[in-house]
Structures are given as C-alpha cells and as structure tokens.
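K.L.:
Following is a predicted model, sequence given first.
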Amino acid sequence: MNLNNKYFLIYFLLFFTSVSFAQQTKEIASDSTKVENLDEVIITATRTIRQLSSLPLPAQIISKKDIKQSNSVRLNDILNEQTGLITVPDFGGGEGIQLQGLDSQYTLILVDGVPLVGRSAGTLDISRVTIGNIKQIEVVKGASSSLYGSEALGGVINIITETPKNGFYGNANYRVGSFNTNDISTTLNYKKKKFGVTTFFNRYSSEGYDLDTSDDLKTVDPFSNYTLNAKVTYDFSDKTDLLISGKYYTQNQDYNASTTLKGESELNEWNTHLKLSHTYNEKWSSYFEFYATRYKAKDFLNNEDGSRFSDSYYNQLLIRPEIRATYNPTEKNAFIGGVGFNHETLDRTDFLIKPEFNSPYVYLQYDGKFNEKLNLILGARFDSHSKYKSQFSPKAAVRYEFNERLSIKGSAGYGFKAPDFRQLYFDFSNATVGYTVLGYNAVSTAIPKLEAQGEIANIIVPLSEFENELNTENSISMNLGVDYKLSSEIKLGVNLFRNNIDDLIDTRIIATKTNGQSVFSYYNVNKVYTQGLEFNASWKPINQLKITGGYQLLFAKDKDAEKAFENGEVFARENPSSPSFQLKKEDYFGLYNRSRHMANLKVFYNIPKWNLDTNIRGTYRSEYGLLDSNGNDYLDTYDDLVDGYAIIDFAVNKTFYKNYQLGFGIDNIFDFTDTQNISNIAGRIIYGKLNIQF
Amino acid sequence: MNTIKSIKFLAILAVFIGFTSCDDDDSTPLLDIETQTIANLHAPQSGGQGQPVSGAFAKFSFSAETTTTSDTDWDIAFRGTSIIVNGGVSLGTADEPSRTGDAAAYIANGTMASVTDVDTTLFVQDSDTGYAIATGSGNGWYTYAGPPSHLITPTPGKILVFKTRDGKYAKVEILSYYENAPANPDAFVDATPYFTFNYVYQPNAGEMTFE
C-alpha cells in the first residue's frame, strides 16, 4: 500500500513539475512524515495540486485501480457507479452525465485539463471516451466557472491520462463480452533522461443490441471505433519542460432510420495539446498552453433504390491559447492566474450561417492557509464574448478543520453556460414530419421566409420578442459539507447542495404551420433549482477488504411549476376516464429524468495469497418520470413513472506469473432491462479479459 | 385556499339568496340541480386526417337530458373530437347544423366541484374561424398522446361551461372518448368516438351558480 502511494505521488510530481514548486515541497514534506495518511491529490478543483482530503470543495477521485478492478472500458461505465452521477441516454444515441441533478450540458468534460467538444444536441456523449489509458478521473461538484468559464455550471469532470514514466514497458489488453463486444488496447511507454513518450491504441467494437424485437430497428446499431493517443515530454532542464499530446478518435456506425432508410454515421475527432512549463524560482512558475480540437460528425441515409435520402454534417473547431502563472509568496499563500482566448467555429447542416465565437478571458484565484485549521479559496473569472453579455464568475470556498477527525467545508460560486450555436442559428425543418426548429437569432429572418412561402398559419410569439439577446443560463451554487473520520478504517462525508438556475433555455412553439405542425424556438424561461444531500462512506476493516457506499437525495424542481401546484392550477385523474381533481403541492414530482434517491454499494476484496481480486458493485436509482402521461403539462405523482431499478455487477481478476492477468465478470447480473424507457441498459453482459504487462 | 374561500362565499350567498327569495311569496320555488352522467354518446365523423370532415353531429339538449335530432332544440353537438354550440355561425364544414339559439361556451380550469359560478364575460360562440371549444390536442378538451399509445384523453382540469340555447347554464366534464369509458383505454382496441361525460344543468333562468 505504502509503496503504491509513494509511486503515485512521484508520478504526480513528474507530471506537475510546472506547478508551484514551493507548494509541492510543502505537500510532500507534510505528507511523507505520516505515510499512512498519504492522500490522493487532485488538480481539477484549484488547477494546482491539492490533497483531496484538505480541499474545501466537494470533489471525488476515481482511481486507476478501481477502474481496473471494475473492468470498465468506457467512461460511462465507471461514472455510472459514482455517488450522485448517472448517465442518461439522449435520443441521439449518446449518453450524457447528470450531476447534482443537472443535465449533461451543464457539466464540463475535460481531458488533461482541456475540454472535449461536439455537443451536437447539448449532450456530450461520454461513451466515446475510452478509459484504457486513464490515470484517474476527477470529479468536482458545484459551479466552477470561476476557473473554467462556460459549461462548468454544475461541475467539472477531468480525465487525467497517463504520461511517460522512466523505462521502457507496455501492456496489452483484450476484453470480449456479450453482444460481440471487443475491446483491444495497448500502451507503449518509454522515458530516458529528458525525453519521454507514451502511445496508446484502442479499438472498441460491438454488434449493438435490440431491446424491442417487435420492430425492425435495433436499439444500438453495430459500430466500431479507434482511439490513438500519443504524448511526448521533453525536460529541457529541471525548470523547463514541454508536453505535446495528440489524440485521434474515429467511429463508424450503421445508421438505420427505418426499414427502408439505411445509411451510416461517422465521427472524427482530433485534439492537440501543447504545454510548456517553466519554474522561475521558488515563488514563480508559468505555463504556456495551446489547445486545438476538431469534432466532425456526418451521416447519410439512402432510400431502398440506393438514392440519397438525406445528408448531414457537423464540424466544430475550438482553438484555445492560454498563459497562466502561479505565485507563492509564502508557504501558506498561493495565487494562480491566467489569460486565454477561445476561438470556436461550427459548420453544420441546417444552419443559417457559419457562426464564429471569440471569447477572451482572465481569471485569478487565491488559496490561503491562515493557520493549520483554516483554508480559504477566493477566485473569479471574467469571460468576454463576441455574441453575449460578458460574464463575471466569482467563487469562494472555506474549510475549517476542528481536529484530525472532523472538518467542515463550504463553498459558493457562480456558474454559467453561454447559449450554444444550435440555440442561436439552427434552421431545421424535419423532412418527414414537417416541424421546424429555429435558433433564437434565426427567427427574425426565417419566419418571414416561411411566411413568404405560405407555410405559416399563425404567429404565436411576435418577432419583436426576439430583438433582445438570448441570456446565458446561469446558476448560483452552494455546497456545505462535513467530513468525519470515525477511525482510520471508517470515513464519512456528507454534502448538502443547492443550485439555483436562472434563464434556463427551453423550447416553445412560436408559430403554427399550414401543414398542422409547429415552429419551435429557444427562449429563457425557467427558474429551476436542484438541491439535496450526498453521503459517502468508506470502510476498510482489513487491508484486503474495502467497502464503499454512497447515497444522493435529490429535489430538482421548476419554480414556476411549484407555484402552479401551490395555486391549485394543476389537475389530474386517477385513470384516464375518471373525473379530475386538484393536485396538491406535494404531488409535483419535479423535473424529468430525476430520481429522488440514488445509491451505490461496492465491496472490493483481495486475496493476496492467490493473486486474486474480486468485487461486487451495486447501483440503485429510484423511480423517475420521462413524460407527462396525464396531459396536465407537469410531471406529477399520478403520471406513469419509470420504475426504480438496481444493477449489480461482479468481477474477478487473477494475476499469473506477475505480468499476466485474467479477468472474468458479469455486468448487470440479473439482466435488468426496460424496453420502453431505458435504451442504454443492454441487459446482462458476460465478459472475459486478458491483460499482459511487458 | 382561494377556492375554498370562494366556495364558502358562494354558499353564504346561496343561503342569503334563499332567505331573500323565501321572503318573496310570489317567487316560484327553485328547481333542483342534479349531476347527470351521459354514457357512450356516439358521435362518428367521416374524413379527417387531412381529408375534409363530414357527417351529422350528435346533438344534445341539457333540458331534455338526452340526444336529439331536432334542428332547433339542441344546445351542444358532437362529431369526432369536435364540440359545437347552438350559437354563433358555422365554421363551414360539411353537414354542420345551422345555429338557431344563443348558446355559447368557455373552458374553465378546475374540477366539477370547484367550478361553482358562471363568468359570463368569458363566453364565446362558434364562428367562421373556429369553434367556441377550440379543436386540436391541448387547445380544447383533450390531449392526444401521439405514438406509441395514440390515446385521446380528456385533459384534466378542463371544465366546459355552456350557456344553453335559451340562456341557462351547464357545466360539463368529459370523461372518455372511448366506448364504455374503460379505465385504461387502448386506442387500438377500444372504439371511438363515444363520449362519456358528467354534467350539471342549472334549470333556473338567471341563476349564475351551480349550487
């Protein structure tokens, strides 16, 4: 155990030599005296390395060890098992993450500190991320726009990938499972003196699955994808080093819209990341960072006779240069500040124009330890934007340690999400059904055009309402937590959270068409809140056994809907043919797709004698609503709700001759599926795994 | 709270009116108000789904408490999901009866119990641009669920308030569009259009309440 942890820290030291040298020495100094308390470090929360346990913010680390023992292959697999996180299927087939009850479009997804793009319908499909080369996953909850700007309204998930370590070695992995799902990956690592390189290759393919066999379409069509990742490091000196990282991802999938319309979809993504770090002295260090990423998706459908029915494409580019510096005037005070520029373009079918966003930004954060007990973080960021009102995002966090066992932490921050390209410039008419969706800025030109073509029957929202800007969605988030170490074996943590979101963007009907369909557009309407409680516990009675459990209680509600229920304006029926009655305040269920209760329980057990590790992991989510089934426009307790469910996974891994590992497992042992409501749970998955280290 | 208050107020008002009318020896005693249920009022239509609609409306008279074939003595009439009143002018679809009375309608939000008085300012009549009870899912009395269930269900909390052809008032809550009003209708099995509804008719001229 101790060795592992030391190794872990050394790794991080190598990776982050660029960060505050003074702080590092301090961290090590304090840690190495009590090795048994040596603790995981996190960089996402403050953009400096911090001990997870002393952080004043709610955060969580998923270690490589846990990922390996769980035999997870994609990011969605492992995130689904964490407290308060759940992946929600999107109608586009993607899976986004829900965090503190907020939709996936409000959680920023980073890889090594820089963002992934490609939210064609708001959701970032996290199943596109392989976790074969991941060092750890960091999850920070609560608005983090003070460091990360737009999208970090609910929180940040940062995927930290492997960097070169000394020596030459590698590994190869193969996992085969139900639905003819194959995952192959290999890593090669070399580092000697100043130069280091690591490469990673992954191929993931599946035949897909079909939950509803009564129709001719599969729930998930067959696909295969490849991930290629290379990282090069060069240490010019003790004080200066360079990191260059490149990643390429491509996926090809069958695309069947009906029995007669068949085609293919293709995704291509590349990322390049360059970071030059320099330490000037004990107090100052700086980095220059350049990041560029492109996400391209295209698909087509052909008619039965082979002629083209439809073509669509999506091509997004993000370029971000950033300079930041850390300054540590004393051991107890740390500053980090940065200046950067976001340049973003999108070329997409059904768009009015080829839009371009430019957004310079600046941020500053102070991290002060006043004494052994009190830690304060103050930060703020200013984002200027070529299309929206500028945003100022402050944040404050404080932690007080009563004693070694008990500490309390609280934070409050502002988060925002700028309207995306789609919410502004979409100009889409469905070819088969006939409805139209218009971006907010597209309305004033598209409606007169439709009118001239005689397609508009009635204008419901006058064009004058689209003269002002669409506001950015924004939130005030608050977290209050208590950590308590009952003993060295038992750790407990509770966090209360509340997110108040204003100007939530929703769609509404702005006009009716002569074909009987509607024209939709976006508008700021809702004020919603999510609040609740998160509880985490871990118990290590003996070295070989680790038991962890988590629970989230969640209330996610629309304030206007709450008022409508309070005012007695909402009605329901016991069944569709019985008389209506008035609903009470407590009958309001809340926002769609939110479960009041979510829980997980994991038991990891090692048998060193046999070189064997095994685990059982269970997750539970309580009932939730997907649609208003009784016609009153609100989700209430009389609607048809999706039943709660539990999923239990089992895995066992055995190591042979040190370098060979065989794994076997069953995900979703009891073969839970819900054909009607849950498209991303395929059923029982039985798999085998082989891992070779060399 | 507000509805409870207004119910109390109306109850007191009714008692008060009762007392004052008792003082007046010439007044005729008030007729009883009853809640009635009409089951399986069959109202077929031809055409629809993009085609011109046609077919005779199934007419209903509140005072007669039943359907009628009279050209004049009807208050409301049904065809498919459409409900018309005997007041105003025809929308111009085939087989629409001519309006001979002074009927009108509006939709109140509430339950049969909570809609206790008539707001005459809300009444509208059928016109050549639309019916008093608007057509279409979510606009009038019903919600169409779309695929996969394709159910047409009465929107909860929608009470149809009518002025009859001769100026009296009635309130209606539609319960089902399917034959025999099954508790859980199946659009692929149960026959339509068969209206089942509860109504309260105020037979006393000039009475603006249902209590």
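P.N.:
Great, that's in hand. Numbers count the residues shown, from 1 in each chain, chains lettered A, B, ... in the order given.

K.L.:
got any ranges where chain B has weak pLDDT?
P.N.:
Scanning chain B for pLDDT under 70 picks out B:1-29, B:49-50.

K.L.:
got the residues of it near chain A?
P.N.:
With C-beta under 8 Å from any C-beta of the partner chain as the criterion, chain B meets chain A at residues B:2-3, B:109-112, B:114, B:138, B:142-143, B:145, B:151, B:153-159, B:173, B:175-176, B:178, B:181-185, B:196, B:198. Where C-beta positions appear, they are placed from N, C-alpha and C, glycine not excepted.

K.L.:
Tell me the buried residues within those residues.
P.N.:
B:3, B:109-112, B:114, B:142-143, B:145, B:151, B:153-159, B:173, B:175-176, B:178, B:181, B:185, B:196, B:198 (16 or more other C-beta atoms under 10 Å in any protein chain shown).

K.L.:
show me the contacts for the residue in chain B positioned nearest to chain A.
P.N.:
Here chain B gets closest to chain A at one residue, B:G157, 2.7 Å apart by C-beta to the nearest C-beta. Counting by C-beta atoms under 8 Å, 6 or more residues apart in numbering or on different chains, B:G157 makes contact with A:E569, A:V570, A:F571, A:A572, A:S580, A:Q582, A:N632, B:N109, B:G110, B:T111.

K.L.:
One more pass at 7 Å, please.
P.N.:
B:G157 is in contact with A:V570, A:F571, A:S580, A:N632, B:N109, B:G110, B:T111, counting by C-beta atoms under 7 Å, 6 or more residues apart in numbering or on different chains.

K.L.:
does the second one really touch A:N632, like I thought?
P.N.:
Yes - with contacts defined as C-beta atoms under 7 Å, A:F571 counts as touching A:N632 at a distance of 5.8 Å.

K.L.:
Between the two, which contacts overlap?
P.N.:
With C-beta under 7 Å, 6+ apart, A:F571 and A:N632 have common neighbours B:P156, B:G157.

K.L.:
before we move on, the earlier item: just grab the bridge partners of the closest residue to the residue of chain B closest to chain A other than its chain neighbours for me.
P.N.:
Spatial nearest neighbour of B:G157, chain neighbours left out: A:F571 (2.7 Å); criterion: C-beta to C-beta, 6 or more residues apart in numbering or on different chains. Beta bridges link A:F571 to A:Q582 when assigned by DSSP bridges.

K.L.:
A:F571 - how many residues pack around it?
P.N.:
25 (other C-beta atoms under 10 Å in any protein chain shown).

K.L.:
Pull up the gap between it and A:S488, please.
P.N.:
A:F571 sits 57 Å away from A:S488, going by C-beta to C-beta, to the nearest Å.

K.L.:
and if you look at A:T432?
P.N.:
For A:T432, the distance to A:S488 - C-beta to C-beta - is 63 Å.

K.L.:
now B:T135
P.N.:
On the measure of C-beta to C-beta, B:T135 and A:S488 end up 71 Å apart.

K.L.:
Kindly report the same for A:S407.
P.N.:
In terms of C-beta to C-beta, A:S407 sits 16 Å off from A:S488.

K.L.:
Compare neighbour counts for these two and give me the winner.
P.N.:
A:S407 (21 against 9).

K.L.:
confidence score at that one?
P.N.:
Predicted confidence (pLDDT) for A:S407: 96.
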